[in-house]
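[1] A predicted structure for the sequence below; I have some questions about it.
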Amino acid sequence: MLTIELSDHPGDMLTAARQRRQDTDAHTRTKHDRQLKQLRRDRDAARRRRQWLAWLRLAVQIRKHKRGRPLLQSVPSDKEEILRAGVAGEQLLARELGQQLNDDWTLLHGYRNARGEIDHLLIGPKGLWAIEVKNINATVRIDRDIWLADKYDRYGNAVDHYVIADQRGRSPSMQLNQPADALRGFLEQRGQPGEVNRVVVLVHPRSRLGQHAELTARVVVGAKDLLRLIGAARTVLDQPQRSTLQNLIQQDHKFHDKQKARRR
């Protein structure tokens, strides 16, 4: 399987989040050091002026200041952890697909258009597949475009319940369907088959698919289920069709990537 990196938006966001935390820590350390230096200067000045009470007070402050460690954000934030899990999940699925699919298949990572980003676009003899990856340690319940996560401890006790959505309030199926609909329209306008298979893949080892109804995108657990789904498809794309689709998708991504850069 050939892998083409169009963009790495989650990876870029993770790098930026880490850099912000490191910058904040560096600023905190610098501020702490400057305060310590100022206390020492004030203490030495008090000694020169023989202001012994002031000198004693400042000496005590210096001792306390040296013992007191600045509050650093050394632990990654929740946002960092979510991004890290997302990046790890995408990499895991890409690696597992690469171990099973031959050179007839191409994986385009990080496609973007005006409606959003798709983690992976997989093109091969069995069609075009838009894949959203979710690395969620929970049982996932779905009702159309409403996604809920139920987390349990090892004894089966419920410990957390939450809605699965991005910062814009979109569930995984919405995150996938919106850019996939735009991609389908783009391809149809250029005379290409508009079928874009949509799949959300739950990749965490403890992910489970719970009750689900009226799904707006297919949902599978792990790479094996995804490969079985692809293998059962009746679509047949020959090499010229696959090459045309790949070229068009790369052109479309490049166009929208430039548009986004201009808006910054």
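    Alright, I've got the coordinates. Numbers count the residues shown, from 1 in each chain.

[2] Okay, buried residues for stretch 142-161 please.
    Neighbour counts over stretch 142-161 (16 or more other C-beta atoms under 10 Å) mark 142, 145, 147, 148, 149, 150 as buried. The C-beta positions use only the backbone N, C-alpha and C, and glycine is treated the same way.

[3] okay, that stretch in CSV with CA atoms only?
    Extracted in CSV, the C-alpha atoms of stretch 142-161 (Å, rounded to 0.1, in the frame of the first residue of the first chain):
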residue,chain,number,x,y,z
ILE,A,142,-25.1,5.9,18.5
ASP,A,143,-28.5,7.4,17.5
ARG,A,144,-28.2,8.8,14.0
ASP,A,145,-25.7,11.7,14.5
ILE,A,146,-25.7,11.6,18.3
TRP,A,147,-22.7,9.7,19.7
LEU,A,148,-22.4,8.9,23.4
ALA,A,149,-19.5,7.2,25.3
ASP,A,150,-20.0,5.0,28.3
LYS,A,151,-16.8,4.2,30.2
TYR,A,152,-16.6,1.3,32.7
ASP,A,153,-14.0,0.2,35.2
ARG,A,154,-12.6,-3.3,35.2
TYR,A,155,-15.4,-4.4,37.5
GLY,A,156,-18.1,-3.3,35.1
ASN,A,157,-19.0,-0.1,37.1
ALA,A,158,-20.0,2.9,35.0
VAL,A,159,-17.4,5.7,35.7
ASP,A,160,-18.0,8.2,33.0
HIS,A,161,-20.6,9.2,30.4
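
[4] Tell me which residues are up against that stretch.
    For stretch 142-161, contacts defined as C-beta atoms under 8 Å, 6 or more residues apart in numbering pick out 136-141, 162-165, 171-174, 209-216, 219.

[5] In ChimeraX, how would I select just the buried ones from those?
    Selecting the buried subset of the contacts of stretch 142-161 in ChimeraX, with 16+ other C-beta under 10 Å as the burial test, is done by:
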select :136,138,139,140,141,164,165,171,172,173,174,219
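
[6] Please list the members of the contacts of stretch 142-161 that lie in helices.
    Residues of these located in helices (DSSP state H): 172, 173, 174.

[7] between the residues you listed, which is closest to residue 87?
    Closest to residue 87 out of the ones in helices among the contacts of stretch 142-161 is residue 172 (15.9 Å), distances taken as C-beta to C-beta.

[8] Excluding covalently adjacent residues, which one is nearest to the closest one?
    residue 200 (4.8 Å; C-beta to C-beta, 6 or more residues apart in numbering).

[9] How about residue 150?
    In this structure, residue 150 finds its nearest non-sequential neighbour in residue 139, 4.6 Å apart by C-beta to C-beta, 6+ apart.

[10] Touching, that neighbour and residue 211? I think so.
    No: counting by C-beta atoms under 8 Å, residue 139 does not reach residue 211; the two are 9.1 Å apart.

[11] Could I get the full set of strands for this protein?
    2-5, 106-113, 116-124, 127-134, 139-143, 146-152, 158-163, 197-202, 208-213, 218-221 (DSSP state E).

[12] can I get the CA coordinates of the first one in PDB?
    Extracted C-alpha coordinates of strand 2-5, given in PDB (Å, rounded to 0.1, in the frame of the first residue of the first chain):
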ATOM      1  CA  LEU A   2       1.300   3.400  -1.000                       C
ATOM      2  CA  THR A   3       0.800   6.100   1.700                       C
ATOM      3  CA  ILE A   4       0.700   9.800   0.700                       C
ATOM      4  CA  GLU A   5       0.700  12.500   3.400                       C
END
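
[13] can you pull the buried residues of it?
    Applying 16+ other C-beta under 10 Å to strand 2-5 flags residue 4 as buried.

[14] which helices and strands does that strand pack with?
    strand 106-113 (3 or more C-beta pairs under 8 Å, 6 or more residues apart in numbering; DSSP states H and E).
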